[in-house]
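**Q** what's the 3D shape of this:
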Amino acid sequence: MALKIKPLADRVVVEPAEAEEVSAGGIILPDTAQEKPQQGKVVAVGPGKVSDAGTLIESAVKKGDTVLYGKYSGTEVTIDGTEYSIMRESDILAVL
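**A** Sure, this is the predicted structure:
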């Protein structure tokens with residue numbers, strides 16, 4: 001099923017990874033204690049940023065990349081029951 005969203009400019013749509021339900025020590029964490037995930041899979045990429053000179057600077061990430069991003073980066077949206085984060089490419093810290 002194709003994603004029904006197309007990001008503009010240098011924005012990227014990321015599907016966050018599932019939150020850890022068990023701590024490193026084996027303790028089951030309730031939903032309220034689970035940390036917000038900081039990595040996810042890129043599902044859509046905008047065309048890129050336009051420089052001051054008017055040239056298009058293409059994105060460094062592509063669809064299918066697994067990325068790390070800041071803890072409070074992006075805007076969370078729900079599309080067809082799946083949660084996504086829409087963020088600027090500059091909010092992405094690394095590609096795994």
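
**Q** next up, the contacts around the residue nearest the centre of the chain.
**A** Nearest to the mean C-alpha position of the chain, counting by CA atoms, centre = their mean, stands V14 at 2.7 Å. Residues near V14 by CB atoms under 8 Å, 6 or more residues apart in numbering: G40, K41, V42, V43, V67, Y69, G74, Y84, S85, I86, M87. In short, each C-beta sits where N, CA and C put it, glycine included.

**Q** that one: what secondary structure?
**A** Classification of V14 using DSSP: H, G, I helix; E, B strand; the rest coil returns strand.

**Q** what number of residues lie near G48?
**A** Burial of G48 is recorded as 15 neighbouring residues (other CB atoms under 10 Å).

**Q** leaving out chain neighbours, which residue sits closest to it?
**A** E58 (4.3 Å; CB to CB, 6 or more residues apart in numbering).

**Q** my guess is that neighbour contacts S51, does it?
**A** No - assessed by CB atoms under 8 Å, E58 is found out of contact with S51, at 11.2 Å.

**Q** who touches both of those two?
**A** Here E58 and S51 have no joint contacts, going by CB under 8 Å, 6+ apart.
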